[in-house]
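Peer 1: here is a sequence together with a model predicted from it:
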Protein chains: 4
Amino acid sequence: MKATAELQVIPLGAGVSVRAEVTRIVGLLQQHDFLLETHAAGTDIEGELSDILDAIRQIHEILHTEGSVRLISYLKLETRTDKAATLAGKRL
Amino acid sequence: MKATAELQVIPLGAGVSVRAEVTRIVGLLQQHDFLLETHAAGTDIEGELSDILDAIRQIHEILHTEGSVRLISYLKLETRTDKAATLAGKRL
Amino acid sequence: MKATAELQVIPLGAGVSVRAEVTRIVGLLQQHDFLLETHAAGTDIEGELSDILDAIRQIHEILHTEGSVRLISYLKLETRTDKAATLAGKRL
Amino acid sequence: MKATAELQVIPLGAGVSVRAEVTRIVGLLQQHDFLLETHAAGTDIEGELSDILDAIRQIHEILHTEGSVRLISYLKLETRTDKAATLAGKRL
């Protein structure tokens, strides 16, 4: 089923600036079949529910492989059955 | 001190659609001296730390006065001392 | 890899009280091989990263089948490579 | 008005372990007239809405004074008018 989400991944132990990791994470999300909207507090995602969850697993695994020691993801994940879950439908 | 934030307020008991409440909340935020960027999963805010927190209190109080029975706010709130906390500085 | 998480699922359109849905969600989590600690703002989870993400997908799908129209999950998900990710290790 | 909340404060640039900061934050919360329940993913709080928001401002200001360079708070904040907002009332 379709879902919308917001993902923010915080690397701990990477220093005060986490721009390199955030750039890498957005790059990994762009390899999927998602509609993405990156903003100041995370990236909004529209896609298949299972694909979004799988992308998060992949991001944790890949960033650890690339040297991140500790990662915390903050995810808002929304599904609905009355109409299609889209980012466009959630805008004012 | 300056802060950046992301606020999403969820009214429970208001039905499946919460568009009226979300529109009202953004309207209340616009009455403050904030830089605002509304997106699909909330509103990003740049302003004074104490003003942002006071606006959240005010939103809860006003929406309850206007009939909301149960409200949950989800807030990400960031401050830093190495440089100014701005929404622009958090974009890729 | 092992992960710790906190999950809160909010059903929209279910009325002011969401106790029935929350009880059902905790029941679904208990069917997995997780260490669980339910508290006032969600359920803390210790388990395999992929199992936790799969359980969230399953919760959304099952609750929709059972009549929930709109669901928002709020997830904190943590992994680390310097030591095992455990709930016990995160307590003060 | 009464509120319940969950607060998690993440210091960035403090290294992989953030135990010292988390211990300090819980200590600061304990100086207020709150009911507190610390768990693996944050601290649940019951108290006056305005006191909770003021405590968060104070935590950011004090931790910066004590050397923290960058802080992100993750807050869930709930109020309701149909009955008293209590941690006990949110437990299963």
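Peer 2: Nice, thanks for sending it over. Numbers count the residues shown, from 1 in each chain, chains lettered A, B, ... in the order given.
Peer 1: settle this for me: A:Ala40 is touching B:Lys90, isn't it.
Peer 2: Yes: contact status for A:Ala40 versus B:Lys90: in contact at 4.1 Å, counting by Cβ atoms under 8 Å. Quick note: C-beta positions are derived from backbone N, CA and C, even for glycine.
Peer 1: so how far is the first residue of stretch A:40-56 from its last?
Peer 2: For stretch A:40-56, the first and last residues are 19 Å from each other (Cα to Cα, to the nearest Å).
Peer 1: now the residue of chain A most remote from its centre: how far from chain C?
Peer 2: Distance from the C-alpha centroid of chain A peaks at A:Asp82, with 24.2 Å (Cα atoms, centre = their mean). From A:Asp82 across to chain C, the span is 5 Å (Cβ to the nearest Cβ, to the nearest Å).
Peer 1: excluding its backbone neighbours, what's nearest that residue?
Peer 2: C:Val69 (5.2 Å; Cβ to Cβ, 6 or more residues apart in numbering or on different chains).
Peer 1: ok now do that neighbour, which residues does it touch?
Peer 2: C:Val69 makes contacts with A:Arg80, A:Thr81, A:Asp82, B:Val16, C:Pro11, C:Leu12, C:Gly13, C:Ala14, as judged by Cβ atoms under 8 Å, 6 or more residues apart in numbering or on different chains.
Peer 1: from chain D, how far out is the closest residue to the second one other than its chain neighbours?
Peer 2: It refers to A:Thr81. Among residues not flanking A:Thr81 along the chain, C:His64 sits closest, at 5.1 Å (Cβ to Cβ, 6+ apart). Per Cβ to the nearest Cβ, C:His64 is found 22 Å from chain D.
Peer 1: and C:His64, what does it touch?
Peer 2: Counting by Cβ under 8 Å, 6+ apart, C:His64 touches A:Met1, A:Thr79, A:Thr81, C:Leu71.
Peer 1: neighbour-wise, which one of these leads?
Peer 2: C:Leu71 (25 neighbours; other Cβ atoms under 10 Å in any protein chain shown).
Peer 1: tell me which element that one is part of?
Peer 2: strand C:70-80 (DSSP states H and E).
Peer 1: for that strand, name the packing helices and strands.
Peer 2: helix A:49-65, strand A:70-80, strand C:2-12, helix C:49-65 (3 or more Cβ pairs under 8 Å, 6 or more residues apart in numbering or on different chains; DSSP states H and E).
Peer 1: and the last one, how far out from the chain middle?
Peer 2: Relative to the centre of its chain, helix C:49-65 is centred 9 Å away, using Cα atoms, centre = their mean, to the nearest Å.
Peer 1: if we can go back for a sec, so what pLDDT did the residue nearest to A:Thr81 get?
Peer 2: pLDDT for C:His64: 98.
Peer 1: endpoints of stretch A:80-87, how far apart?
Peer 2: Span of stretch A:80-87 from end to end, Cα to Cα: 12 Å.
Peer 1: any idea which of the contacts of C:His64 is closest to chain B?
Peer 2: A:Thr81 (9.6 Å; Cβ to the nearest Cβ).
Peer 1: so what's the closest one up against?
Peer 2: Contacts of A:Thr81 (Cβ under 8 Å, 6+ apart): C:His64, C:Ser68, C:Val69, C:Arg70.
Peer 1: I'd say the second one and C:Gly15 touch.
Peer 2: This means C:Ser68. No: using Cβ under 8 Å as the test, C:Ser68 is too far from C:Gly15 to be in contact (11.5 Å).
Peer 1: quick one, which of these two is more surrounded?
Peer 2: Ranked by neighbour count (other Cβ under 10 Å), C:Ser68 and C:Gly15 place C:Ser68 first, with 25 against 16.
Peer 1: what sits closest to the more buried one if chain neighbours are left out?
Peer 2: Excluding the flanking residues, the one nearest C:Ser68 by Cβ to Cβ, 6+ apart is C:Pro11, at 4.9 Å.
Peer 1: any chance of JSON lines for the helices and strands packed on strand C:70-80, columns distance to B:His32?
Peer 2: Listed next are the helices and strands packed on strand C:70-80 as JSON lines, based on distance: least, Cβ to Cβ, whole Å:
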{"stretch": "helix A:49-65", "distance to B:His32": "33"}
{"stretch": "strand A:70-80", "distance to B:His32": "24"}
{"stretch": "strand C:2-12", "distance to B:His32": "26"}
{"stretch": "helix C:49-65", "distance to B:His32": "35"}
